[in-house]
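Enquirer: structure, please.
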Amino acid sequence: MSDLASLPLDGLTVLDMSQFLSGPYCSLRLADMGARVIKIERPDGGDLSRRLYLSDTEIGGDSTIFHAINRGKESLAIDLKNPADLGALKRLIGQADVLIQNFRPGVIERLGLDYDAVRAINPRLVYASISGYGDEGPWVARPGQDLLAQARSGAMWLNGDEDQGPVPFGLAIADMLAGAAACQGILAALVRRGVSGTGMQVQTSLLEVLVDFQFEVLTTYLNDGERPPRRSSFRSAHAYLSAPYGVYQARDGFLAIAMTPIAKLADLMGIADLAPYRDDPASWFTERDKIKRLIAATVATRTVDDWLAVLEPADIWCAKVLDWPELMASEGFAALDMLQTVTRGDGVSIRTTRLPLRLDGQRPRVRDAAPLIGAHSAAIRKEFGL
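Expert: Coordinates of the predicted model:
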């Protein structure tokens, strides 16, 4: 539940039949904006992400991932192999607004809960599916897992330095992007339902969102003779951008420098050896490793704050590279008020993030932590006549 009296999705009921990250991330965003999210979980273990550990930290019997992505939701325990429970779920579907699922291909059809079957139960339902690689093609039956989707997407060749080989993102980026895309599709379908009165099927996949994530550089590739991108061999930060774009080690930390004319940077930093490249923008790409090494050698002689005092007044796009403790201690982070503490009846208390949106000037705050398996089963069954 949120602490605001009214949120955009108040009154909507979302059934989240998904697990792990992509689907639950989608329903988390909907919950943060006021929707009532009911997790449909197996009685014997629930969502598999309850036991998906990033570290040895366990809170109230569940992983920190589960708590982070399922706060503010309710849990209804349903045995999908039990005809009575399956019938109860179908009656609940008849009263819901949104259903989210990310079962392996073919499973939802065997359960009799595919879109065509569900639309017959509830024509107004918005039905969202997230898969690994879509519904057709040779990869359909392959595991739809984040790292594997990254591997197939080509995105790993944009990270790291040229001699490092493919470098994956240090986050489950495909899952998060798929959840966000599904959420966008659901919201659009709800708008359409408000006009037409009928629901809609929304589908996305980990591979589709990763391709879309690369739209900028893929468009360059497709219209530039299909020349593969070449990462810098030193301090690479973007395969297609020239020097000085990158991160440089100072005496006491790291300094990020974005797009900046080499001549201006040479004057401000006093790097005489950059003279051959001052007025030759083409060389800023063709000779970017040499240029970056010259900049790096100079940056290393002073502290980050020293360089910020020189560069920021001259409108150079630069920033100190912060770690999490520095971020949390900063005034900029404090001003956003992005953290909250959620609690549960069994004494569990979790400090976590908040919705990255402000609605009418306010950021909604959730009070309830992620639920225990089936914690709301009795109340939900009674309310919906299951």
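
Enquirer: C-alpha only now, for contacts and for neighbours.
Expert: Fine.

Enquirer: so how far is V211 from P229?
Expert: Per Cα to Cα, to the nearest Å, P229 is found 15 Å from V211.

Enquirer: ranges for the strands of the stretch 251-386 of the chain?
Expert: Along the stretch 251-386 of the chain, counting by DSSP state E, counting those that start in this stretch, strands occupy 254-257, 318-320, 339-343, 349-353.

Enquirer: again but with the stretch 1-150 of the chain, I slipped
Expert: With DSSP E, counting those that start in this stretch as the criterion, the stretch 1-150 of the chain has strands spanning 13-16, 36-41, 58-59, 62-63, 74-77, 98-101, 126-131.

Enquirer: least trustworthy helix or strand in this protein by mean pLDDT?
Expert: strand 58-59 (a mean of 88; mean pLDDT, DSSP states H and E).

Enquirer: who's in contact with that one?
Expert: Strand 58-59 has contacts (Cα atoms under 8 Å, 6 or more residues apart in numbering) with 64, 348.

Enquirer: also stretch 258-277?
Expert: 242-246, 278-279, 283-284, 291, 294-295, 298, 310-311, 316-318.

Enquirer: can you flag which of the residues you listed belong to helices?
Expert: Under the assignment DSSP state H, those contribute 283-284, 291, 294-295, 298, 310-311 to helices.

Enquirer: need the residues you listed in CSV with neighbour count and distance to V342, can you?
Expert: Below are the ones in helices among the contacts of stretch 258-277 laid out as CSV (neighbours: other Cα atoms under 10 Å; distance: Cα to Cα, whole Å):
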residue, neighbour count, distance to V342
S283, 16, 53
W284, 22, 50
I291, 22, 49
L294, 17, 49
I295, 22, 46
T298, 16, 47
V310, 13, 43
L311, 19, 41
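
Enquirer: isn't D79 up against G45?
Expert: No: with contact defined as Cα atoms under 8 Å, D79 does not reach G45; the gap is 11.1 Å.

Enquirer: who's more crowded, those two?
Expert: D79 (16 against 12; other Cα atoms under 10 Å).

Enquirer: what residue lies at the spatial centre of this structure?
Expert: Central residue of the chain (Cα atoms, centre = their mean): M176, 2.7 Å from the mean position.

Enquirer: which element follows the helix or strand harbouring that one toward the C-terminus?
Expert: Per DSSP states H and E, M176 falls inside helix 173-196. In the C-terminal direction, the helix or strand that comes right after helix 173-196 (DSSP H and E) is strand 200-205.

Enquirer: partner strands of that next one and their direction?
Expert: strand 126-131 (parallel) (DSSP bridges).

Enquirer: what about the partner strand, distance to the chain center?
Expert: 17 Å (Cα atoms, centre = their mean, to the nearest Å).

Enquirer: quick check: angle from it to helix 173-196?
Expert: 160 degrees (axes from the mean of the first three to the mean of the last three Cα atoms, to 10 degrees).

Enquirer: got the CA coordinates for strand 126-131 in PDB?
Expert: Extracted C-alpha coordinates of strand 126-131, given in PDB (Å, rounded to 0.1, in the frame of the first residue of the first chain):
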ATOM      1  CA  VAL A 126      -4.900  -6.900 -20.500                       C
ATOM      2  CA  TYR A 127      -2.600  -9.900 -20.800                       C
ATOM      3  CA  ALA A 128       1.100  -9.400 -20.800                       C
ATOM      4  CA  SER A 129       3.700 -12.100 -21.700                       C
ATOM      5  CA  ILE A 130       7.500 -12.000 -21.400                       C
ATOM      6  CA  SER A 131       9.600 -14.600 -23.000                       C
END
